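[1] Return atomic coordinates for the entry below.
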Amino acid sequence: MNNLLLICIRHGLAAFAFLCSVQAHGETTPSESASLQIRAIATSEREHYVGDLKRAYADWCKTKANVCVNELLIRPNGMTAPPPYDQIRLDLVSNLNGKFESSRYEHEKPFRQFAPQTFQFTSKLKVIVHPFVWNRVEVRSREQPTSLSPLTAWASRWMDISDTKQAPKGQLLGVIHSVTFPNVEGGYWNTVVDFGSSEPYMLDSLLRTLEAMGLAEVEIGSFHPVQRLQ
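    Prediction:
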């Protein structure tokens, strides 16, 4: 468990709590260990981001006389990508006095910095993990997927494109906020995921989806600065 304890030290209390919860199950296989370590990083980043998102929403509502909602699913004007990549969930929305206003809450930098780590996630998929922020996880690969269908189905399900999930006012839906339509740039196939309020295991789920797409090696991280909506 030495590698897992090292992850606890690097990624803080959230990671420590998660990893301690699985130690009672005994020794893990290399693949299970990789999954647990990646989950610990995701748990740390997600806890940091979602806590700040909740505080940002509370502050937003105070300035909008409590005429506010969060995680509103929209299709921005001018989007040319096919569904579900043409839709996003806005973090902060208000219609005070009939004036529509919206904003996306962004973390500029990862909660924890660390040297890139390579994991044999499964027997078929190697993952190189760079520091990332939960709201902007960039996925890139030198390979081309054999099929885009698994990613499209995954995004549709976990963004809740049917918009049927409900939560009490002020609470979060536990959904992904956006997935960009993949493209090829600089020799990399890439897509970007805003994991929003989804749970840490959704990163694990994404990696398994990438494996199902035929990819054998991927990198994840936040490689570029935030691009603000105009």
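[2] okay, CA-based contacts and neighbour counts for the rest of this
    OK.
[3] Surely Glu217 touches Ser123?
    No. Between Glu217 and Ser123 there is no contact, the gap being 11.0 Å when judged by C-alpha atoms under 8 Å.
[4] Checking my notes, Ser156 in a strand, right?
    No. Per DSSP: H, G, I helix; E, B strand; the rest coil, Ser156 lies outside any strand segment and is helix.
[5] Which pLDDT value goes with it?
    Note on Ser156: pLDDT of 98.
[6] residues in contact with it?
    Shown here is Ser156, whose contacts under the criterion C-alpha atoms under 8 Å, 6 or more residues apart in numbering are 84, 162.
[7] Relative to Asp194, how far out is it?
    13 Å (C-alpha to C-alpha, to the nearest Å).
[8] now swap in Trp134 and tell me
    Distance from Trp134 to Asp194, by C-alpha to C-alpha: 7 Å.
[9] same question, Leu203
    11 Å.
[10] So for Glu217 and Ser123, which sits in the more crowded spot?
    Between Glu217 and Ser123, Glu217 has the larger neighbour count (other C-alpha atoms under 10 Å), namely 20 against 9.
[11] the bottom helix or strand of the protein by mean pLDDT?
    Every helix and strand in the chain was compared by mean pLDDT, DSSP states H and E; the lowest is helix 2-23, with a mean of 50.
[12] just to revisit the earlier point, so Trp134 and Asp194 - more neighbours on which side?
    With neighbours defined as other C-alpha under 10 Å, Trp134 and Asp194 compare such that Trp134 has more, 32 against 22.
[13] could you show me where the helices are in the chain, in order?
    Along the chain, the segments classed as helices by DSSP state H run 2-23, 30-63, 149-158, 201-212.
[14] mind checking which of those helices is nearest Ile88?
    helix 149-158 (10.7 Å; C-alpha to C-alpha).
[15] which residues touch Thr209?
    150-151, 154.
[16] switch the cut-off to 6 Å
    Residues in contact with Thr209 (C-alpha atoms under 6 Å, 6 or more residues apart in numbering) are Pro150.
[17] Pull the contacting residues for the residue nearest the centre of the chain.
    Residue closest to the mean C-alpha point of the chain, counted by C-alpha atoms, centre = their mean, is Phe195 at 2.6 Å. Under the criterion of C-alpha under 6 Å, 6+ apart, the contact list for Phe195 reads 134-135, 176-177.
[18] Considering the residues you listed, which is situated nearest to Glu185?
    Distances from Glu185 to those, taken by C-alpha to C-alpha, are shortest for Asn135, at 20.9 Å.
[19] so what pLDDT did the closest one get?
    For Asn135, pLDDT reads 96.
[20] I'd like the distance between the closest residue to it other than its chain neighbours and His177.
    Leaving aside its chain neighbours, Asn135 sits nearest to Asp194 (4.1 Å; criterion: C-alpha to C-alpha, 6 or more residues apart in numbering). Asp194 sits at a distance of 5 Å from His177 (criterion: C-alpha to C-alpha).
[21] And Ser222, its phi and psi?
    Taking degrees, to the nearest 10, you get phi -110, psi 90 for the backbone angles of Ser222.
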